[in-house]
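**Q** here is my input; please provide its structure:
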Amino acid sequence: MDIDLVPPSDELDWSRGEWLHPPVRAEQGPAGELIVEAGAETDFWRRTSYGFVHDNGPALLAPLPVGVAMEVSFVLDFAAQFDQAGALVRVDERTWVKAGVEVSDGESQLGAVVTREFSDWSVAPVPGWAGQEVTVRVSRAGDALTVRARVGDAPWRLVRLAPLDPAAEATAGPFCCAPTRGGLTVTFTAWRQGPADTALHPED
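**A** Numbers count the residues shown, from 1 in each chain. Okay, here's the model as predicted:
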């Protein structure tokens, strides 16, 4: 059973966001989509296993207060190692969550990185999603951030449930990164916000 989520009531204009790090290129397409080119060696990661800190990916962010859900949609059309796109939720450089699809070891992987000083990564393969529109939904309620995703109009999949201090000021929005190459271009098709999810699981 798919969980019943309240559809976002507010279609966000790209101009309402502020770039955390400017991309190589960002331009609006004929249908209102945002086309973003990420720079080479861009990423978000802190320490775990790899030992480095990367905090230079382009992300277009707007406020995400408690009680609000935000959705980011994009076309999954990339294939190089660690190419990635989705939604970033950020408190500061040590506290953030990125969620979406990332290419890892030759496969498209749906996952999330939850960072509280150290990054924690989880993935699941989604081989049938290539070439389709993916939507990532981040919902902030109480002390939690709920991350869901789907392709097209398929049922929502729960990706991650992570703690997020209700007193923290957070921003969120579309991001993309290209850790291993230049030239990654991602087409973001929608950016919306509305009421936070009222339930974590479907009702019987």
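
**Q** what's the spacing between the residue nearest the centre of the chain and residue 182?
**A** Centroid-nearest residue in the chain, with Cα atoms, centre = their mean: residue 87, separated by 1.6 Å. Separation of residue 87 from residue 182 (Cβ to Cβ, to the nearest Å) stands at 23 Å. The C-beta positions use only the backbone N, C-alpha and C, and glycine is treated the same way.

**Q** equivalent analysis for residue 200, please.
**A** For residue 200, the distance to residue 182 equals 40 Å [Cβ to Cβ].

**Q** quick check: next helix or strand after the lowest-mean-pLDDT helix or strand in the chain?
**A** One helix or strand of the chain scores below all others by mean pLDDT, DSSP states H and E: strand 10-11, with a mean of 86. Going down the chain from strand 10-11, the next helix or strand is strand 18-19, by DSSP states H and E.

**Q** starting at the chain centroid, how far to that following strand?
**A** Chain-centre distance of strand 18-19: 15 Å, with Cα atoms, centre = their mean, to the nearest Å.

**Q** pull the residues that contact the helix or strand following that strand.
**A** Per DSSP H and E, the first helix or strand lying C-terminal to strand 18-19 is strand 25-28. Contacts of strand 25-28 with the rest of the structure, by Cβ atoms under 8 Å, 6 or more residues apart in numbering, involve 14, 19, 34, 35, 36, 37, 58, 60, 185.

**Q** just to revisit the earlier point, so what does the host helix or strand of the residue nearest to the centre of the chain touch, helix or strand wise?
**A** Assigned by DSSP H and E, residue 87 belongs to strand 84-92. Applying 3 or more Cβ pairs under 8 Å, 6 or more residues apart in numbering; DSSP states H and E, one finds that strand 84-92 makes contact with strand 68-75, strand 95-104, strand 133-141, strand 144-151, strand 171-177.

**Q** give me the sheet partners of it and which way each runs.
**A** Note on strand 84-92: by DSSP bridges, its sheet partners are strand 95-104 (antiparallel), strand 171-177 (antiparallel).

**Q** winner for burial among the ones you listed?
**A** Comparing these by mean neighbour count (mean count of other Cβ atoms under 10 Å), strand 171-177 ranks first with a mean of 27.

**Q** next SSE downstream of that one?
**A** Once the chain leaves strand 171-177, the next helix or strand it forms, by DSSP H and E, is strand 185-195.

**Q** tell me the mean pLDDT over that next one?
**A** Mean pLDDT, computed over strand 185-195, is 97.

**Q** and it, what's buried?
**A** Residues 186, 187, 188, 189, 190, 191, 192, 193, 194 are the ones in strand 185-195 that count as buried (16 or more other Cβ atoms under 10 Å).
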